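[1] Need coordinates for the below:
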Amino acid sequence: MKQADVCVIGAGPGGYVAAIKAAQLGKKVIIVERDKWGGVCLNVGCIPSKALITAAHFYDQLQHADEMGFNVGKTTIDFKKMQVWKSGVVNKLTSGVVQLLKANGCETISGEAQFVSPTDLEVKSSNGGGVERIKATNFIIATGSRPVQIPGFEYDGKTVFNSTDALEQSSLPKRLAVIGGGYIGLEIGSFYQKFGVEVTVIEATKGLLTGVTDPDCAQVIFRKLKKAGVNFLFNAKAVGYKKAGSDLNVIVSVEGKEQKIPCDKILVTVGRKPNSDQLNLQKAGVKIDPKGFIEVNKQLKTNVPHIYAIGDVAGQPMLAHKGMREGIIAAEVIAGKNLVMDVKTIPAVIFTDPEIASAGMMVEEAQSKGFDVGVGQFPYVANGRALTMNSGEGFVKMVVDKKTNVVLGVHIVGAEASQLISEAALAIEMGATAEDIASTIHPHPTLPEMMMEAAEAAFGPPIHIFTRVNRDHATRLPTKSP
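    Okay, here's the model as predicted:
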């Protein structure tokens with residue numbers, strides 16, 4: 001029998017952060033991981049996908065290098081070598097996680113954990129070491145999520161991929177059918193398209209990223225992907241597939257009519273489900289909601305006060321940085337601090353080309369909450385740094401409360417949007433006004449100047465685009481850029 005003050009189940013971004021913080025606060029910590037240290041994000045999600053997206057973006061830039069005066073000749077792709085490079089990036093990070101845990105005094109156990117009582121776990125060793133029992137004063141469940149399967153498209157890793165499979169292929173298909181026009185499907189589909197794969201996106205709703213991001217941002221992505229040759233089917237339901245020799249045909253129902261989409265491989269990205277069904281939670285008495293998420297309060301406590309849940313398994317949004325923050329809160333509450341998960345915004349990034357980044361409320365959401373909404377928008381094409389980067393697509397949109405000028409939301413589509421959104425998140429968290437941002441001197445020439453200019457456009461005429469502004473500054477419509 002092993003004993004601990006805190007036992008963390010799952011070593012993904014939320015779990016390992018929680019374990020380290022609890023150890024730093026003087027607690028004896030055991031952390032259990034059944035598969036890969038670092039979890040989905042580091043091993044088969046955020047990091048490997050961004051590595052391949054970066055490689056695809058670099059390859060795409062090479063194809064257009066002649067615009068800047070470079071004659072680079074024909075560039076070929078060694079996808080196997082690229083996968084070796086990607087794996088090297090992943091391995092550096094995952095090995096670093098284990099080292100950090102041990103350096104902070106956490107005991108690490110590899111195995112499958114299940115509750116046998118509210119205070120006890122059994123862990124079946126991953127390396128044939130039998131079963132260990134752990135008794136802990138507190139538990140933090142951080143078991144993450146897994147891809148959702150749909151009938152008729154069971155994953156086999158060869159013909160039908162989930163996101164993990166798609167990131168581990170040793171060769172590129174000629175044609176890829178992507179079922180699901182959400183952010184995972186678009187990110188993966190985009191980098192395959194840049195490598196010359198013919199991509200078709202099959203989406204059940206009427207548009208891309210519906211309800212996920214600002215619709216104007218989504219339109220920029222749609223137009224660019226369509227121009228690049230990606231095919232789209234909307235209001236379409238994938239009902240199955242058939243093999244035709246060496247080819248596949250995805251059967252799609254669009255407004256009651258069947259269509260066949262020829263392809264070589266099928267990628268299914270229709271969402272993720274929480275891993276709450278693999279812990280024998282009934283033995284611990286922990287409640288889950290109808291969607292499988294573990295119910296928690298603002299201190300991340302479940303209905304069993306000494307058992308906490310964080311990350312994907314504890315509810316939306318399923319984002320690594322949300323899980324990390326929750327892990328810190330849970331550890332500090334266990335250590336006796338009176339803290340709650342109280343944030344105004346959790347920023348989100350979609351790594352398409354161009355990137356989309358959002359923090360705070362969209363226009364429709366703010367209006368539905370009773371705000372008198374004002375909008376300031378500034379285009380990339382009017383920013384000097386963006387043009388020197390050959391990246392004139394996109395805009396920064398700032399949503400403000402007209403009565404107070406407080407920033408309610410910021411939505412960016414364009415190059416390096418992921419690098420720009422943190423300023424917006426800070427502004428929203430601290431209750432900054434558009435004037436606060438506009439009055440802050442931003443260095444020139446840089447992309448963050450667009451945040452300043454969008455803020456100016458939200459409460460008065462900006463300098464670097466001409467706008468028609470009515471007398472009370474309630475309406476600002478860009479007419480042209482210099």
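[2] C-alpha only now, for contacts and for neighbours.
    Fine.
[3] which non-adjacent residue is nearest residue 325?
    Nearest residue to residue 325, sequence neighbours excluded (Cα to Cα, 6 or more residues apart in numbering): residue 14, at 7.4 Å.
[4] Can you tell me the SS state at that neighbour?
    At residue 14 the chain is in helix, as set by DSSP: H, G, I helix; E, B strand; the rest coil.
[5] Give the residue spans of the protein that score low on pLDDT.
    468-482 (pLDDT under 70).
[6] tell me, what residue is most central in it?
    residue 319 (5.4 Å; Cα atoms, centre = their mean).
[7] Quick check on that residue: phi, psi?
    Dihedral pair for residue 319: phi -130, psi 140, per degrees, to the nearest 10.
[8] What distance do you get for it to residue 349?
    10 Å (Cα to Cα, to the nearest Å).
[9] cool, and residue 261?
    When distance is defined by Cα to Cα, residue 261 is 30 Å away from residue 349.
[10] So which elements touch the biggest helix by length in the chain?
    If you go by DSSP state H, the chain has its longest helix at helix 79-103. When contacts are defined as 3 or more Cα pairs under 8 Å, 6 or more residues apart in numbering; DSSP states H and E, helix 79-103 packs onto helix 13-24, helix 39-44, helix 46-63, strand 107-117.
[11] Tell me which residues of it come out buried.
    For helix 79-103, the neighbour count (16 or more other Cα atoms under 10 Å) marks 83, 86-87, 89-90, 93-94, 97-98, 101 as buried.
[12] same check, this time on stretch 103-112
    Under 16+ other Cα under 10 Å, the buried positions of stretch 103-112 are 104-112.
[13] Could you list the alpha-carbon positions for that stretch in CSV?
    The C-alpha trace of stretch 103-112 is given here as CSV (Å, rounded to 0.1, in the frame of the first residue of the first chain):
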residue,chain,number,x,y,z
ALA,A,103,12.9,16.9,-9.7
ASN,A,104,9.9,18.2,-7.7
GLY,A,105,9.7,15.0,-5.7
CYS,A,106,6.6,13.5,-7.3
GLU,A,107,6.5,9.7,-7.4
THR,A,108,5.6,8.5,-10.9
ILE,A,109,3.7,5.2,-11.6
SER,A,110,2.9,3.8,-15.0
GLY,A,111,-0.4,1.9,-15.0
GLU,A,112,-4.1,1.8,-15.3
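[14] Do a quick rundown of the helices in this protein.
    Using DSSP H, the helices of the chain run over residues 13-24, 39-44, 46-63, 79-103, 163-166, 183-194, 215-228, 281-284, 320-334, 363-368, 384-388, 417-429, 434-438, 449-459.
[15] ok, for residue 278, nearest residue in space, not its chain neighbours?
    Excluding the flanking residues, the one nearest residue 278 by Cα to Cα, 6+ apart is residue 114, at 7.3 Å.
[16] Can you pull the domain assignment for this protein?
    When the chain is parsed with automatic domain parsing, its domains come out as 2-147+273-334, 160-270, 348-480.
[17] what's the offset of the shortest one from the middle of its chain?
    Which is domain 160-270. Relative to the centre of its chain, domain 160-270 is centred 18 Å away, using Cα atoms, centre = their mean, to the nearest Å.
[18] Kindly check the end-to-end length of that domain for me.
    One end of domain 160-270 sits 13 Å from the other (Cα to Cα).
[19] The first one now?
    Counting by Cα to Cα, you get 19 Å between the two ends of domain 2-147+273-334.
[20] Centre of the chain to that domain, how far?
    On Cα atoms, centre = their mean, the centre of domain 2-147+273-334 falls 14 Å from that of its chain.
[21] cool, and stretch 351-361?
    10 Å.
[22] quick one: buried residues of that stretch?
    351-361.
[23] just stretch 140-149 next, same as before
    For stretch 140-149, by 16+ other Cα under 10 Å, it's 140-147, 149.
[24] quick one on the thing from earlier: out of the helices of the chain, the one nearest residue 242 is which?
    Nearest to residue 242 among the helices of the chain is helix 163-166; the distance by Cα to Cα comes to 20.0 Å.
[25] For that closest one, name the packing helices and strands.
    Using 3+ Cα pairs under 8 Å, 6+ apart, helix 163-166 is in contact with helix 183-194, strand 265-268.
[26] Make JSON lines out of those and add mean neighbour count.
    Formatted as JSON lines, the helices and strands packed on helix 163-166 follow (neighbours: other Cα atoms under 10 Å):
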{"stretch": "helix 183-194", "mean neighbour count": "23"}
{"stretch": "strand 265-268", "mean neighbour count": "25"}
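[27] And stretch 408-419, end to end?
    Stretch 408-419: ends 19 Å apart by Cα to Cα.
[28] Please enumerate residues in contact with that stretch?
    213-214, 217, 220, 349, 351, 353-362, 366, 380, 386, 391-401, 421, 424, 428 (Cα atoms under 8 Å, 6 or more residues apart in numbering).
[29] which residues sit in contact with the residue nearest to residue 278?
    Counted by Cα under 8 Å, 6+ apart, residue 114 has contacts 121-123, 278-281.
[30] Identify, from the residues you listed, the entry nearest to residue 182.
    Distances from residue 182 to these, taken by Cα to Cα, are shortest for residue 278, at 26.4 Å.
[31] Can you tell me how far that closest one is from residue 48?
    26 Å.
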